[in-house]
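Asker: Take a look and give me a structure for this.
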Amino acid sequence: MADELEWAAEVIPDTDSVFMRAHRSHFWNGELGPGVFRKQGEGMSVDEVCFSSSDQKSRKNPERQRGINSVLGIRQIRDLTVEHTPNRQQANRAHSDVYGLPEGGEELTEVRVLLRRIADIAIPLTNP
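Answerer: Numbering: from 1, shown residues only. Take a look at the predicted model:
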């Protein structure tokens, strides 16, 4: 059974997209705030669309919406990279990370604003 949960990291093409969950507290007047874009450990946690079902995950936790960003769009922001990092502990083959977020200050604010500009809300909250 454990062997079934072993996934090799794959190259994520520029043409793919990634999902990121955003709790309702990251929205103001229906708009996603840039503060949602932050590190969780070494990188910013996302799921690669080709291995993920946004609809299924949204129903599982209705307090969260699913945003979608293009991989190419992310990679065009400063030194950001997107890498497939499957998470065996959470049985999440789609798990990926965005690396290269600045540690803080104006640089982080700028990167967050740029990420927000390219983000689309794939699954909106039904009761904001």
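
Asker: quick one: which helix or strand includes the closest residue to Val46 other than its chain neighbours?
Answerer: Leaving aside its chain neighbours, Val46 sits nearest to Val18 (4.0 Å; criterion: C-beta to C-beta, 6 or more residues apart in numbering). Every residue, glycine included, has its C-beta placed from N, CA and C. Assigned by DSSP states H and E, Val18 falls within strand 17-23.

Asker: And what about Gly67, helix, strand or coil?
Answerer: State at Gly67, reduced to three classes by DSSP: H, G, I helix; E, B strand; the rest coil: strand.

Asker: Can you give me the distance of it to Arg116?
Answerer: 9 Å (C-beta to C-beta, to the nearest Å).

Asker: circling back: quick check: the gap between the residue nearest to Val46 and Asp47.
Answerer: 6 Å.

Asker: As a check, name the ranges of all helices in this protein.
Answerer: For the chain, helices defined by DSSP state H occupy the ranges 54-60, 71-75, 105-118.

Asker: what packs against the strand holding Val18?
Answerer: Where contact means 3 or more C-beta pairs under 8 Å, 6 or more residues apart in numbering; DSSP states H and E, strand 17-23 is packed against strand 44-48, helix 54-60, strand 64-70, helix 71-75.
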